[in-house]
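S.K.: Got a predicted structure here, sequence first:
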Amino acid sequence: METYSYLGPAGTFTEAALKQVPEAEGAVWRSVNNVGEAFADVVSGRSVAAMIAIENSIEGGVTATQDALANIPNLRIIGEYLVPVRFDLVATPGTKLEDVTIVNAHPVAYGQCHSWLDTNLPHHGHIPSSSNVAAAASLLESSTADAAIAPAGIETHYAVEVLASNIGDNPNAVTRFVLVSRTTALPESTGYDKTSLIIELPEDRAGTLLEMLEQFATRGVNLSLIQSRPIGDSMGRYRFVIDADGHIRDERMADALLGLRRFSPGLIFLGSYPRADRALIAHPSRYADEVFTDARAWLDNLLGQ
Ligand SMILES: O=C(O)C(=O)Cc1ccccc1
């Protein structure tokens, strides 16, 4: 039977994202302790896919995920899923807020609760955990932490009490997850797709960033994410993580990719897949598929083909 890997244990936001995948219903769900393990499962073929957090509306890009996608060859994103994230501060029964000095929390969660922590626990120390559920579960074992940041509702699964609810800085916080696989089969084009790319710029000369952006702009392709990440081999070298509106089967996107392929010494196609919000992509009629195919037919005709 097919296996899907996710950051566990059960009850994490990552599991909530996997619950949104119809194909994962009835499959084996493998809970792993970190994102590296989830990627390794996909690479080894142990799992057909892994659900992985890639971006949070407050904390920004999950850099470990972006870097893994840049460094591990032959991975494809086949879907994206949005999960609203709500956090509570929990502790073992009887603990009072004034007893709390050490808080166990996943770094992405911790980064979203600063205002509440600064106001209510200004002297606290932080111990990072591998996931939000692991943070709460650890309180029930021998733990140096007195409290944990956990997904709202955790008290129905673990014997912990809520000391404070909804402690996130922003009540509308959302995390974007991606389903990562090794398949090269492209998801169908839907009209509300997104294409994810990682792009290196050519050697140091003026204007290369603009040249990269022009590949999209001159074909009417809108970008929804652009983030730079250090390549890591020397100071000051960056690659760009990009999400562009549209599918590789859209002529304007295919044309932009051909331009990027000629221009970039390192271009990684991470996949074309439906947007989680299913918002249809609008584009001016001068960038419609027919405009590109007409131009190609005109050239073919001149060439006598
Ligand atoms: O720990 C979890 O519940 C996760 O799924 C990872 C995570 C951590 C913080 C915000 C969103 C997802």
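M.R.: Yes, it's here.
S.K.: Kindly state the neighbouring-residue count (a burial measure) for Ile199.
M.R.: Applying other C-beta atoms under 10 Å, we find 19 residues neighbouring Ile199. Backbone N, C-alpha and C define where each C-beta goes, glycine included.
S.K.: Which of the three states applies to it?
M.R.: At Ile199 the chain is in strand, as set by DSSP: H, G, I helix; E, B strand; the rest coil.
S.K.: my guess is it contacts Asp243, does it?
M.R.: No. Using C-beta atoms under 8 Å, Ile199 makes no contact with Asp243, being 11.6 Å away.
S.K.: where along the stretch 151-300 of the chain do the strands fall?
M.R.: Here the stretch 151-300 of the chain has its strands, by DSSP state E, counting those that start in this stretch, at 161-164, 174-181, 193-200, 223-230, 238-245, 266-274.
S.K.: Mean neighbour count, those strands: which tops it?
M.R.: Counting by mean count of other C-beta atoms under 10 Å, strand 174-181 has the highest mean neighbour count of these, with a mean of 24.
S.K.: Identify the residues contacting Glu200.
M.R.: By C-beta atoms under 8 Å, 6 or more residues apart in numbering, the residues touching Glu200 are Ile231, Arg239, Phe240, Ser264, Pro265, Gly266, Leu267.
S.K.: want to try a markdown table for those residues, with pLDDT as columns?
M.R.: A markdown table is the format used below for the contacts of Glu200 (pLDDT from 0 to 100):
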| residue | pLDDT |
| --- | --- |
| Ile231 | 93 |
| Arg239 | 96 |
| Phe240 | 98 |
| Ser264 | 96 |
| Pro265 | 95 |
| Gly266 | 96 |
| Leu267 | 98 |
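S.K.: Out of those, which is nearest to Met253?
M.R.: For the contacts of Glu200, the residue nearest Met253 by C-beta to C-beta is Leu267; the value is 13.3 Å.
S.K.: separation between that closest one and the ligand?
M.R.: Shown here: Leu267 relative to the ligand, a distance of 29 Å by C-beta to the nearest ligand atom, to the nearest Å.
S.K.: looking at it, that residue is touching Leu260, isn't it?
M.R.: Yes. Applying C-beta under 8 Å as the test, Leu267 and Leu260 come out as touching, 5.3 Å apart.
S.K.: what is in contact with the two at once?
M.R.: By C-beta under 8 Å, 6+ apart, Leu267 and Leu260 have these common neighbours: Leu197, Ile199.
S.K.: how far away is the spatially most central residue of the chain from Leu117?
M.R.: Geometric centre of the chain, nearest residue: Ile54, 1.7 Å, by C-alpha atoms, centre = their mean. Between Ile54 and Leu117 the distance is 25 Å, computed by C-beta to C-beta, to the nearest Å.
S.K.: before we move on, what about Ala105?
M.R.: Taken as C-beta to C-beta, the span from Ala105 to Leu117 is 9 Å.
S.K.: And the helices in the stretch 101-250 of the chain, which stretches?
M.R.: Along the stretch 101-250 of the chain, counting by DSSP state H, counting those that start in this stretch, helices occupy 107-110, 114-120, 132-138, 208-217.
S.K.: The helix or strand bottoming out on mean pLDDT in the chain near the ligand at all?
M.R.: Every helix and strand of the chain was ranked by mean pLDDT, DSSP states H and E. The lowest is strand 60-61, at a mean of 92. No. Strand 60-61 is not in contact with the ligand by C-beta under 6 Å from any ligand atom; minimum separation 11.9 Å.
S.K.: and Thr183, what does it touch?
M.R.: Residues near Thr183 by C-beta under 8 Å, 6+ apart: Val48, Arg76, Ile78.
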